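Q: Below are the sequence and a predicted model; questions follow.
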Amino acid sequence: MLKIEDFASFRRVATPFYYYDIDLFRQTAEKVAELSERTGIHVHYSLKANSDRRLNDILSSKGLGADCVSGDEIDYAVSCGYNPKKIFFAGVAKSDKEICQAFQVGIGAFVVESLEEIEIVSDIARRLGRRAPMSLRINPNIDPHTHHYITTGLYEDKFGISDRSFDEAVAMVKDNPYIDFFGLQFHIGSQIMEVEDVIRLECEKVNDIVKRFESTGLVVRNIDLGGGLGVDYDDPDGHPIPDFETWFRTISDNLERRPDQTLHIEPGRSLVAQSGSLITEVLYVKKGENKRFLMVDAGMNDLIRPALYGAYHKIENVTAFYEDNNSRDTRVYDVVGPVCESSDCFGKERSLAKSRRGDRIAIRSAGAYGQVMASRYNMRPFAPSVYSDRIAEAPKRKDYFAEVD
């Protein structure tokens, strides 16, 4: 059950909102920073997972770098305290404006995804009188055994340079006066749970590809394995911190690297997902012909993953737990929102404590790709951030029936 120190204060916060367990988040960040220091594997947080200012201030203070996929993410990362030299700029379709933004900031590396991008970035570098630090993103054609929407390392995906283009890529990069060859980057997908098997296979492929590139005379100084470590959406309390130990150990045991080579990874989801929950309130308990519906005040505009991916999030009635000691009978509900779309559903046939109008519902493991993907569809306002150690500062629910002097 979601940990809440002061439920009375929590109860007074206006819904919907994103609730961040700051203690858990700090523990997660400290675990990753400690493993990075111990193994020498550099960590760059994937900013697209969650751009909350306070969370990013904490991550940058631990010495982590940033992985960005837009020019504005780069500028934002700098404002959050990330060292520009530890910022990598990825993304399959960088605009001229974004490339110039990256040069202006002085990022650590451009991660280029195609032969066409090598040409464009080097041409802009020439026009600016600069040298572009450049990593080539390689498509290793590995199936990470995850959802097809979040695979990125198969030939049919839009990401990276395939082996059929390696020779041409080398020819374009080698001896180009406007390119400073930085290294090779790999990323095969997200929400990887078969960590040892999948990451071992990735390392074996990377070892072969690095040797192939170095046989041409290019020196691969940096190897970037991307991110992808999964989180337990079924049991967030049983596994609040993902298995970073296995991930780091599998990389260390299977990747061949010389003392002069630097290794990087780019976790996103695994750093933030379990620390965040979307909190919403029951507006109606509707009895349909064949179903019961919990109609809540959060919608797919606040958390689109279930509608977009069919993603699963654990759902809890926190009022029943904290006010009634979890003594209520259970009922089966479809938990739905107010947006005028049939896909505005957080979960079907969920067994929950018998719920009432006004109960607080927690949609768990929402810290990654939740708040950051929100929209104002139906002109609904954005759900704000509320932090476990600053509940007193959160916006309070309004009493619309209070007497007015």
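A: All right, it came through fine.

Q: Outline the domain layout of the protein.
A: What the record gives for the chain is the domain set 7-18+274-393, 40-267, from automatic domain parsing.

Q: Could you dump these into a markdown table and include distance to Tyr400?
A: No exception for glycine: its C-beta is placed from N, CA and C like everyone else's. Listed next are the domains of the chain as a markdown table, based on distance: least, Cβ to Cβ, whole Å:
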| stretch | distance to Tyr400 |
| --- | --- |
| domain 7-18+274-393 | 12 |
| domain 40-267 | 29 |
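
Q: Pro240: neighbour count?
A: Residues near Pro240, counting by other Cβ atoms under 10 Å, number 17.

Q: which intervals of the stretch 101-250 of the chain have sub-threshold pLDDT?
A: Flagging of the stretch 101-250 of the chain using pLDDT under 70 yields the residue ranges 143-158.

Q: Find the residue at the geometric middle of this structure.
A: The centre of the chain sits closest to Ala49, judged by Cα atoms, centre = their mean, with a distance of 2.5 Å.

Q: residues touching that residue, list them.
A: Gly268, Arg269, Leu271, Val272, Ala273, Ala368, Tyr369, Val372 (Cβ atoms under 8 Å, 6 or more residues apart in numbering).

Q: now do Gly40
A: Contact analysis of Gly40 by Cβ under 8 Å, 6+ apart lists Leu263.

Q: Compute the distance between it and Ser252, please.
A: Remark: distance between Gly40 and Ser252 (Cβ to Cβ, to the nearest Å) = 9 Å.

Q: still on that earlier bit, nearest to Ala33, of the domains of the chain?
A: Of all the domains of the chain, domain 40-267 sits nearest to Ala33, with 4.2 Å by Cβ to Cβ.

Q: first to last residue in the closest one, what's the distance?
A: End-to-end distance for domain 40-267: 15 Å, by Cα to Cα, to the nearest Å.

Q: With adjacent residues omitted, what lies nearest to Ile107?
A: In this structure, Ile107 finds its nearest non-sequential neighbour in Ile87, 4.5 Å apart by Cβ to Cβ, 6 or more residues apart in numbering.

Q: Would you confirm that Arg257 contacts Leu263?
A: Yes. Using Cβ atoms under 8 Å, Arg257 makes contact with Leu263 at a distance of 5.8 Å.

Q: if I pick Ala366, what's in contact with it?
A: When contacts are counted by Cβ under 8 Å, 6+ apart, Ala366 is found next to Tyr18, Ala273, Gly276, Ser277, Leu278, Leu303, Arg305, His313.

Q: quick one: secondary structure of the nearest residue to it once chain neighbours are set aside?
A: When the adjacent residues along the chain are set aside, Ala366 lies closest to Leu278, with 4.5 Å between them (Cβ to Cβ, 6+ apart). What DSSP: H, G, I helix; E, B strand; the rest coil gives for Leu278 is strand.

Q: ok, now which ones touch Leu278?
A: Residues near Leu278 by Cβ under 8 Å, 6+ apart: Pro16, Phe17, Tyr18, Tyr19, Ala298, Asp302, Leu303, Ala362, Ile363, Ala366, Gly370, Ala383.

Q: among the residues you listed, who's most crowded?
A: Going by other Cβ under 10 Å, Ala366 tops the contacts of Leu278 with 31 neighbours.

Q: What distance do you get for that residue to Arg331?
A: Plainly put, Ala366 is 23 Å away from Arg331 if you go by Cβ to Cβ.

Q: hang on, Lys174 packs against Phe213?
A: No. Between Lys174 and Phe213 there is no contact under Cβ under 8 Å: 10.1 Å.

Q: hmm, back to that, count residues in the vicinity of the residue nearest to Ile107, would you?
A: Residues lying near Ile87 (other Cβ under 10 Å) number 23.

Q: Does it have any beta-bridge partners, and if so which?
A: Going by DSSP bridges, Ile87 is paired in beta bridges with Ala66.

Q: Quick check, it in contact with Asp75.
A: No. With contact defined as Cβ under 8 Å, Ile87 does not reach Asp75; the gap is 10.1 Å.

Q: rewinding a little: which of Lys174 and Phe213 has more neighbours?
A: It is Phe213, of Lys174 and Phe213, that has more neighbours when counted by other Cβ under 10 Å, with 20 against 12.

Q: ok but that one is inside a helix, no?
A: Yes. Counting by three-state DSSP, Phe213 is located in a helix.

Q: which one is it nearest to, not counting chain neighbours?
A: Of all residues not flanking Phe213 in the chain, Val220 sits nearest, at 5.7 Å (Cβ to Cβ, 6+ apart).

Q: Doesn't the one you found belong to a helix?
A: No. Counting by three-state DSSP, Val220 is not part of a helix but coil.

Q: any idea how far Asn378 is from it?
A: Val220 is 50 Å from Asn378, where distance means Cβ to Cβ.

Q: who's more crowded, those two?
A: Neighbours were counted for Val220 and for Asn378 using other Cβ under 10 Å; Val220 has more, 22 against 14.

Q: gap between that one and Glu168?
A: Look at Val220 and Glu168: by Cβ to Cβ, they are 17 Å apart.
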